[in-house]
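Engineer: Generate coordinates for the sequence data below:
(one chain, ligands or ions: 1)
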Amino acid sequence: MIKRRKTKKIKVGDIFIGGDNPIAVQSMCNTDTRDVKKTVVQIKQLEKAGCEIVRLAIPDMVAAKAIGKIKKQIKIPLVADIHFSADLALEVMRQGIDKLRINPGNIGSIDKIKMVVWEAKKRKIPIRIGINSGSLGKEILKKYRGKVTAEGMVESAMRHIKILEKLKFYDIAVSLKASDIERTVEAYKLLSKKTKYPLHIGITEAGTIFRGTIVSSIGLGHLLYNGIGDTIRVSLTADPVEEVRVAWEILKSLGLRKRGVTVTSCPTCGRTEIDLISLAKQVEAEMANFNKDIHVAVMGCVVNGPGEAREANLAIIGGKKAGLIMKNGEILKKVDENKLLAEFLKEVKKY
Ligand code: SF4
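Structural biologist: Okay, here's the model as predicted:
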């Protein structure tokens with residue numbers, strides 16, 4: 001059992017993060033926020049895939065003003081990604097945003113910071129402080145001799161946290177993202193000893209689906225296994241729906257969340273006598289349509305197949321141009337290879 005680190009609970013729209021709440025899956029739209037129609041379509045796709053919080057880039061006032069129109073058409077909480085502008089932060093709050101991602105130390109004068117923080121407090125909108133290795137302040141870089149270190153990232157986060165706390169604002173979440181696993185993990189571990197605010201975890205610029213999935217699984221997997229992380233984002237150079245799929249598999253693999261069907265399959269070998277690779281791919285694709293908390297196994301032969309199948313709710317065991325369908329460890333029927341998928345799907349529907 002993974003023992004999660006205790007963090008402060010904060011509310012984002014109608015969901016809670018931190019405390020004992022499930023680790024929430026986040027993603028970010030890659031549409032132009034000013035294009036309300038396209039952005040709404042993508043948010044709905046993300047929601048269908050299991051995204052629970054979605055972030056949008058707010059580059060200008062037109063994007064900020066689009067938030068209200070977007071909010072009316074979607075259900076999941078929205079986070080506005082704002083870099084420096086107090087005006088944009090104030091506008092998205094007026095438009096009904098659920099969370100701000102802004103670093104208070106980057107807003108400018110203390111008056112501007114106060115305006116943003118007071119408005120957020122009045123509307124009960126939490127703020128995420130997001131430290132990225134690529135954008136550390138000059139002072140911190142100087143202190144660490146021009147190097148971006150985990151200590152420097154944590155120090156930067158603590159400075160922003162203190163600005164908010166001085167204004168008696170405590171609905172805070174924090175992220176510390178670097179593009180490499182080592183610094184990211186070290187930074188989150190250091191920060192988790194210094195603060196109880198919920199942590200949004202991710203490896204930034206992790207890469208394309210193949211590399212990004214590996215890097216994120218190792219980095220986020222390590223943190224989650226050590227109880228760190230209250231929300232999770234897998235950053236991929238891909239359709240953001242893929243980020244959500246990978247995030248869910250990471251959480252499911254660690255037993256931290258349950259969602260939909262879990263598919264296990266064997267790697268195939270010289271004993272396999274059916275086209276198991278394409279069958280397993282088809283089963284996996286079809287299972288995305290079932291919202292059942294079950295485990296299915298696709299196995300190539302009777303040597304290891306039945307053992308694995310005993311652990312699964314439903315299983316296919318390949319034979320010679322045919323296969324067995326098993327349910328809770330018992331053989332249900334033998335089916336020709338060309339009918340295996342259809343027959344298996346019937347059993348999943350019934351289960
Ligand atoms: Fe080979 Fe059978 Fe194991 Fe699959 S289950 S890898 S076919 S021995």
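Engineer: Now this protein against the ligand: closest residue?
Structural biologist: In the chain, the residue that lies nearest the ligand is G300 (2.7 Å; Cβ to the nearest ligand atom). In short, each C-beta sits where N, CA and C put it, glycine included.
Engineer: give me the number of residues near W118?
Structural biologist: 13 (other Cβ atoms under 10 Å).
Engineer: and it, what is it in contact with?
Structural biologist: L167 (Cβ atoms under 8 Å, 6 or more residues apart in numbering).
Engineer: And the pLDDT for it?
Structural biologist: Among the per-residue scores, W118 holds a pLDDT of 97.
Engineer: Just say helix, strand or coil for it.
Structural biologist: Classification of W118 by DSSP: H, G, I helix; E, B strand; the rest coil places it in helix.
Engineer: A66: neighbour count?
Structural biologist: 21.
Engineer: from memory it sits against T39, does it?
Structural biologist: Yes. Counting by Cβ atoms under 8 Å, A66 touches T39, with 7.4 Å between them.
Engineer: near the ligand, which residues of the stretch 151-300 of the chain?
Structural biologist: C266, P267, T268, C269, R271, T272, M299, G300 (Cβ under 6 Å from any ligand atom).
Engineer: Dump those residues into JSON lines; add secondary structure, distance to I209 and neighbour count as well.
Structural biologist: Listed next are those as JSON lines, based on DSSP: H, G, I helix; E, B strand; the rest coil; distance: Cβ to Cβ, whole Å; neighbours: other Cβ atoms under 10 Å:
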{"residue": "C266", "secondary structure": "coil", "distance to I209": "23", "neighbour count": "20"}
{"residue": "P267", "secondary structure": "coil", "distance to I209": "20", "neighbour count": "9"}
{"residue": "T268", "secondary structure": "coil", "distance to I209": "22", "neighbour count": "17"}
{"residue": "C269", "secondary structure": "coil", "distance to I209": "26", "neighbour count": "11"}
{"residue": "R271", "secondary structure": "coil", "distance to I209": "30", "neighbour count": "13"}
{"residue": "T272", "secondary structure": "coil", "distance to I209": "26", "neighbour count": "16"}
{"residue": "M299", "secondary structure": "strand", "distance to I209": "26", "neighbour count": "27"}
{"residue": "G300", "secondary structure": "coil", "distance to I209": "26", "neighbour count": "26"}
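Engineer: In a markdown table: these, plus distance to Y197.
Structural biologist: Output for those, formatted as a markdown table (distance: Cβ to Cβ, whole Å):
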| residue | distance to Y197 |
| --- | --- |
| C266 | 43 |
| P267 | 42 |
| T268 | 47 |
| C269 | 49 |
| R271 | 53 |
| T272 | 50 |
| M299 | 45 |
| G300 | 48 |
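Engineer: where do the helices sit along the protein?
Structural biologist: All helices of the chain, identified by DSSP state H, fall at 36-49, 61-73, 86-94, 110-123, 138-143, 150-166, 181-194, 209-225, 240-253, 276-287, 305-311, 340-350.
Engineer: Please compute how far the first one lies from its chain's middle.
Structural biologist: In terms of Cα atoms, centre = their mean, to the nearest Å, the centre of helix 36-49 is set 16 Å apart from its chain centre.
Engineer: what's it packed up against?
Structural biologist: Judged by 3 or more Cβ pairs under 8 Å, 6 or more residues apart in numbering; DSSP states H and E, helix 36-49 is in contact with strand 53-57, helix 61-73, helix 240-253.
Engineer: Arrange these in a markdown table, one row each, with mean pLDDT as further columns.
Structural biologist: Below are the helices and strands packed on helix 36-49 laid out as a markdown table (pLDDT from 0 to 100):
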| stretch | mean pLDDT |
| --- | --- |
| strand 53-57 | 98 |
| helix 61-73 | 98 |
| helix 240-253 | 96 |
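Engineer: Throw those into CSV and include distance to K339, thanks.
Structural biologist: Below are those laid out as CSV (distance: least, Cβ to Cβ, whole Å):
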stretch, distance to K339
strand 53-57, 41
helix 61-73, 43
helix 240-253, 29
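Engineer: between the helices of the chain, which gets the lowest average pLDDT?
Structural biologist: Minimum mean pLDDT among the helices of the chain: helix 305-311, a mean of 82.
Engineer: and the residue of the chain closest to the ligand, what is it in contact with?
Structural biologist: With Cβ under 8 Å, 6+ apart, G300 has these contacts: C266, T268, C269, R271, T272, E273, I274, L276, G318.
Engineer: Same check on E311?
Structural biologist: E311 neighbours (Cβ under 8 Å, 6+ apart): H295, A297.
Engineer: so what sits against both of A66 and T39?
Structural biologist: T33.
Engineer: neighbours of the closest residue to M115 other than its chain neighbours, just the number please.
Structural biologist: Spatial nearest neighbour of M115, excluding adjacent residues (Cβ to Cβ, 6 or more residues apart in numbering): A86 at 5.9 Å. Neighbourhood size, A86 [other Cβ under 10 Å]: 21.
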